[in-house]
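> Sequence below, structure please.
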Amino acid sequence: MSALWLGIGLSAFWVFFAYAGYPLGLWLLRRFSPRPLARGPQAPPVSILISVYNGERELAAKLEHTLGLDYPGELEVIVASDGSTDRSDAIARSFAPRGVRLIRLETRGGKESAQANAIPHAKGDLLIFTDTSARLAPGALRALVAPFADPSVGCVSSEDVVDPKQGEGAYVRYEMALRRLESEASTLIGLSGSCFAARRELCSPWPTDLASDFRMGSEAASRGLRAVSEPGARVEIPVTARRGGEWPRKVRTFRRGIAVLGAYRHLLHPRHGRAAFSLWGHKVARFTSPFALLSLFALCALAAPESALAAGLFAAQLAAHLLGAAALRFPALERRAVPRLLGFFLLVNAAVLRAWIHHLGGERAVLWEPTRR
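Numbering: from 1, shown residues only. Got it, this is the predicted structure:
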């Protein structure tokens, strides 16, 4: 029984650290050893690179929105087409009289390949990477550029805004709060793939087999720079209306994240200080927490016949898993807050497990399949 309780305690601690202990550690760092950020009004030349693969339904609206952004400096707009086979390229060319340039990858190679193909053509000091579905709030572009007044900042992430009624809403709000803590106490490990900005010098080299949003934060840390989140750069992200449509996106995201973690595993060494702490807390703990959850469930089941406490813990976990699974299955139940949160938590951890199966099997997620909203 002592060995079982040791395993239960370690498993519970790891899950706690992944979702509560790490944020608490960041809060303490911010409270007693903050990292101030020097924002300032500036307007350097900026290039906005819009990645697209068969995005004819959204691209025209995205370009109109982008061209209407309030920015006092030089603004360049480039459409990076990943071998699109629909009308996306024609739509981009139709905006050429208004200064939009199309850089087409003839053979589809994935989002990062399209970005890598477009980067040499960009003229801006700062490069902003965004997707067709993302809508920047008024003033977001100015806000996104402001932190670069601090020379320690290498890249800046926008903050995602989603429908709070969706299961992902609470999760996204949690992630954005966590990013603010990382910005003020450490460094961002993952940026928002919908919209982020980076200094040009950080964009070379540009690996085409690693997720750029996760990689850029790690690359900045490797070069002694910071990645920060900008609360004023709010970006609206629509949630897919297709039931179950988030599953392939989640699995793909975690597959790509695990690959980046492996490529930047040197940052896990304690000599990297706060960057190492953030990588352990935000990524390693999150990517391994499903195994801790499975261990906790199994060990409680084994200890239940000999312990009322273990039996109670097992029953509580079983009830939470069943309620979450039911919320994913039945729309009426999903509309209630607690089942919705449990369902999304279950979905996320199941997606991580599926991603590990792909990764350990040698499969890599390079090609890009944008979620249809």
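> And the helix or strand hosting residue 179, what does it pack against?
Using DSSP states H and E, residue 179 sits in helix 167-185. Applying 3 or more Cβ pairs under 8 Å, 6 or more residues apart in numbering; DSSP states H and E, one finds that helix 167-185 contacts helix 22-32, strand 153-161, strand 226-236, helix 337-360. C-betas here are computed from N, CA, C, even on glycine.
> quick one: low-confidence parts of the stretch 51-200 of the chain?
164-168 (pLDDT under 70).
> still on that earlier bit, residue 146 is nearest to which of the helices and strands packed on helix 167-185?
Ranking the helices and strands packed on helix 167-185 by proximity to residue 146 (Cβ to Cβ) places strand 226-236 first, at 7.1 Å.
> Quick one: distance of that closest one to the chain centre.
Chain-centre distance of strand 226-236: 12 Å, with Cα atoms, centre = their mean, to the nearest Å.
> Which strands border that strand, and is each parallel or antiparallel?
strand 135-136 (antiparallel), strand 153-161 (parallel) (DSSP bridges).
> looking at the ones you listed, which is buried most?
Of all those, strand 153-161 carries the top mean neighbour count, a mean of 26, counting by mean count of other Cβ atoms under 10 Å.
> tilt between that strand and helix 167-185?
Between strand 153-161 and helix 167-185, the angle comes out at 150 degrees (axes from the mean of the first three to the mean of the last three Cα atoms, to 10 degrees).
> CA atoms of strand 153-161 as CSV?
This file holds the C-alpha atoms of strand 153-161, laid out as CSV (Å, rounded to 0.1, in the frame of the first residue of the first chain):
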residue,chain,number,x,y,z
VAL,A,153,12.3,41.1,-26.8
GLY,A,154,12.7,38.8,-29.8
CYS,A,155,9.1,38.0,-30.6
VAL,A,156,5.6,39.0,-29.5
SER,A,157,2.4,37.0,-29.5
SER,A,158,-1.1,38.2,-29.9
GLU,A,159,-3.9,37.1,-27.5
ASP,A,160,-6.6,34.8,-28.7
VAL,A,161,-10.3,35.6,-28.1
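> quick one on the thing from earlier: buried residues, the helix holding residue 179. List them.
167-172, 175-176, 178-185 (16 or more other Cβ atoms under 10 Å).
> now the farthest one out in this structure, which residue is it?
Within the chain, residue 306 marks the point farthest from the mean C-alpha position, 42.7 Å out by Cα atoms, centre = their mean.
> Pretty sure it sits against residue 300.
No - if you go by Cβ atoms under 8 Å, residue 306 and residue 300 don't touch, sitting 11.3 Å apart.
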